[in-house]
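Visitor: pasting the sequence and the predicted model now:
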Amino acid sequence: MKEVRVAIAGVGNCASALVQGVKYYQHSKEDERVPGLMHVNFGGYHISDIKFVAAFEVNTKKIGKDLSEAIFAEPNCCEVFAENLKPLNVKVLPGPIGDGVAPHMVNSFHCYDPNVIEPVDVASILRETKADVLINYLPVGSKEGTKLYAQAALEAGCAFINCIPEFIASDKTWAERFERRGIPIAGDDIKSQVGATIAHRALVNLFLDRGVKIDETYQLNIGGNTDFENMTVEARLKSKRVSKTEAVTSLVPYPTPTRIGPSDYVKFLGDKKICYIWLKGRKFGDVPVTVQLKLSVEDSPNSAGVVIDVIRAVKLALDRGVGGPLTSISSYAFKHPPEQIVDSIAHMNVEEFIEGKRER
């Protein structure tokens, strides 16, 4: 029986939405249009073919629990849209702490005491569980932690999906390491289905396609989950600003004053994210034009469907013996891919990859 064996590093809100989503759409018909997915059947793999086999966490309220239970433990606040989850028979294991837990997040993450609990050997677990794919959902700013999990994936011969803005797939040295081993990698920094970055890119493309000169633009985001709490320390979101900014400025063929990135943590918003986008430009006759957009979304489910597509794209690459960065799905699904491509063309490239017309 076909299956995609998936391991998760970081059982937070995004992992919760992913696990719930696989359950929610497991009985979808192959000709059905599912919100947030390119296809129910993606290159021969149905949503129900995704099987979770391992999970790593630092939160004592999650460690030792079945993954189906841990995704609802504090401080997770993802909306519950898939009820009555059956046990997945996947016990959440203690992962390495490293820089995954900033000093101001120790209490919020209910981090384990390393003098009491010893982290598992991630590569060994990936081998034992025969994981095909490891998804990195560590907190923003986990530079060393991301490298540790990427290295474990290399050692275990496991594909790697990097959903956070620490650069692995888009880093030449790491990309070459995965290519030499014949192991696929996709990343970096997942785009949402309809999120701040994709909406901002669409508006920028609209201005450019209609010949408007963009003079300035900004994107401000607020939210109430632990992702936003983690990023209240500026040092934690340095790479996030780079990723989100380049996703927009890469489309503009001239320098443009830009400010993009998380702006504030508002606890009572929970998993709701509110985004404000501003564009100011000049149309015919240098007459000014401005666009102001407010976007409000439940943050974590917004990217889960995209990740389900990425999982299956990576499995196709494994089946075909393709290693290194997968440029088509990375350009379509991530903010900081190895190659920035206009979204419509990236979508077409993924379709060609599914059909086997593109190698990667």
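Guide: Everything's here; your move. Here the structure is a predicted model, which means the values were calculated and not measured.

Visitor: got the contact list for the nearest residue to Tyr137 once chain neighbours are set aside?
Guide: Counting by CB to CB, 6 or more residues apart in numbering, the nearest residue to Tyr137 once its immediate chain neighbours are dropped is Gly10, at 3.6 Å. Every residue, glycine included, has its C-beta placed from N, CA and C. With CB atoms under 8 Å, 6 or more residues apart in numbering as the criterion, the residues that contact Gly10 are 56-57, 95, 100, 136-139.

Visitor: can you redo those residues as TSV with pLDDT and neighbour count?
Guide: Listed next are those as TSV, based on pLDDT from 0 to 100; neighbours: other CB atoms under 10 Å:
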residue	pLDDT	neighbour count
Phe56	98	27
Glu57	98	29
Gly95	98	27
Gly100	95	26
Asn136	98	25
Tyr137	98	27
Leu138	98	26
Pro139	97	22
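
Visitor: and which of these is nearest Glu32?
Guide: Top of the list for closeness to Glu32, among the contacts of Gly10 and by CB to CB, is Tyr137 at 27.2 Å.

Visitor: isn't the closest one right up against Ala17?
Guide: No: if you go by CB atoms under 8 Å, Tyr137 and Ala17 don't touch, sitting 10.3 Å apart.

Visitor: export whichever helix or strand Ala199 is part of as PDB, just CAs?
Guide: Here Ala199, judged by DSSP states H and E, is contained in helix 196-209. What follows is helix 196-209, C-alpha atoms only, in PDB (Å, rounded to 0.1, in the frame of the first residue of the first chain):
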ATOM      1  CA  ALA A 196       0.100  38.200   4.000                       C
ATOM      2  CA  THR A 197       3.000  37.300   1.600                       C
ATOM      3  CA  ILE A 198       0.900  35.800  -1.200                       C
ATOM      4  CA  ALA A 199      -1.600  38.700  -1.000                       C
ATOM      5  CA  HIS A 200       1.200  41.200  -1.000                       C
ATOM      6  CA  ARG A 201       2.800  39.600  -4.000                       C
ATOM      7  CA  ALA A 202      -0.500  39.600  -5.900                       C
ATOM      8  CA  LEU A 203      -0.900  43.300  -5.300                       C
ATOM      9  CA  VAL A 204       2.700  44.100  -6.300                       C
ATOM     10  CA  ASN A 205       2.200  42.000  -9.500                       C
ATOM     11  CA  LEU A 206      -1.100  43.900 -10.200                       C
ATOM     12  CA  PHE A 207       0.800  47.200 -10.000                       C
ATOM     13  CA  LEU A 208       3.600  46.000 -12.200                       C
ATOM     14  CA  ASP A 209       1.400  44.400 -14.800                       C
END
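
Visitor: please consider this matter closed, and thank you.
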